[in-house]
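Got a predicted model here, sequence first, then my questions.
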Amino acid sequence: MSSSYGGTSAFDRLRARLDGRPHACEECGFVEEDGTWEAVTTGATVEYRRECPSCGTEHVRRYRL
């Protein structure tokens, strides 16, 4: 199965999808075009995190496995 987002795993593909979109900070409204998400997993959940370069607010996207 081929994907336009590439990657070897579902986690890689999801991160590529998140990275491929501009992100607007919910606190200050700053729009970041090129930021990346950091992935952290506990085994039961996967969290993708990024910090706003303008105000420092941490944004988290959490997915249960």
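Received it, and whenever you're ready, just let me know what you need. Residues are numbered from 1 along each chain as shown.

what's the pLDDT at residue 2?
pLDDT, residue 2: 44.

which element is residue 13 on?
Using DSSP states H and E, residue 13 maps to helix 10-19.

What helices and strands are in contact with that helix?
In terms of contacts (3 or more C-beta pairs under 8 Å, 6 or more residues apart in numbering; DSSP states H and E), helix 10-19 is packed against strand 38-41, strand 45-51. For the C-beta atoms, the positions are set from N, CA and C on the backbone; glycine is no exception.

Residue 23 is nearest to which of those strands?
Across the helices and strands packed on helix 10-19, residue 23 has its closest neighbour in strand 45-51 (6.7 Å, C-beta to C-beta).

contact partners of the closest one?
11, 14-15, 18, 23, 32, 35-41, 57-65 (C-beta atoms under 8 Å, 6 or more residues apart in numbering).

Just the buried ones from the residues you listed, in PyMOL syntax?
In PyMOL, a selection of the buried entries from the contacts of strand 45-51 looks like this (16 or more other C-beta atoms under 10 Å):
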select buried, resi 14+15+18+23+32+35+37+59
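
Now do the helix holding residue 13 against strand 45-51, angle only.
On the basis of axes from the mean of the first three to the mean of the last three C-alpha atoms, to 10 degrees, helix 10-19 is oriented at 30 degrees to strand 45-51.
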